[in-house]
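In: sequence unknown, structure follows:
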């Protein structure tokens, strides 16, 4: 299942048009560490058919195992808008319109958005006042957008391309198991 990617982050001065505790995953987000995270997810979702249970365990695993994560969750596409699904972190808005904020923009553009400093993102809407960087990955199956995975950190430039690639592989593993 192809997942649209973009290997650039928005940094200060770039516009969207210019860019497209215990830790299983190290600071560098290397491939081997994400392989371990994928194995852990597989063990959690193997033989489980409930979508909410699998999304919830995925979110909990990411929140627990990735360092410097302040919020992680899913927004699922419903009637042309993103609706909050399982998450860990502070309460946030329940709905995001397509094209709105980082999540809605990633969904509308149908590609990942890695924002090095959210304060530099055009139209950024603060949900988590501590968030400084954000990575949003659209979720695809059979060419159809299902929603997005949204992850924020309190650190600027927290996510790099290897994080994006590792999390895309994790989402591919999850989507292969989900009944949606």
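Out: Received it, and whenever you're ready, just let me know what you need. Computed from a prediction, not measured in an experiment: that's the story for all the values here. Numbers count the residues shown, from 1 in each chain.
In: give me the number of residues near residue 86?
Out: For residue 86, the tally of surrounding residues (other C-beta atoms under 10 Å) stands at 18. C-beta here means a position set from N, CA and C on the backbone, and glycine is covered the same way.
In: am I right that it is in a strand?
Out: Yes. Residue 86: assigned to a strand according to DSSP: H, G, I helix; E, B strand; the rest coil.
In: what pLDDT does it get?
Out: pLDDT, residue 86: 98.
In: wait, isn't it in contact with residue 74?
Out: Yes. Using C-beta atoms under 8 Å, residue 86 is in contact with residue 74, at 5.8 Å.
In: list the residues that contact both of these two?
Out: Counting by C-beta atoms under 8 Å, 6 or more residues apart in numbering, the common neighbours of residue 86 and residue 74 are 55, 59.
In: ok, the residue sitting furthest away from the middle of the chain to residue 165 distance?
Out: For the chain, the C-alpha farthest from the mean C-alpha position belongs to residue 47; by C-alpha atoms, centre = their mean, that distance is 23.9 Å. To residue 165, residue 47 is 27 Å away according to C-beta to C-beta, to the nearest Å.
In: now the strands for this structure?
Out: Applying DSSP state E to the chain gives strands spanning 9-10, 71-78, 81-88, 95-97, 113-115, 133-141, 144-153.
In: what about the third one, distance to the chain center?
Out: Using C-alpha atoms, centre = their mean, to the nearest Å, the distance from the centre of strand 81-88 to the centre of the chain it belongs to is 11 Å.
In: between strand 71-78 and it, find me the angle.
Out: Calculated by axes from the mean of the first three to the mean of the last three C-alpha atoms, to 10 degrees, strand 81-88 forms an angle of 150 degrees with strand 71-78.
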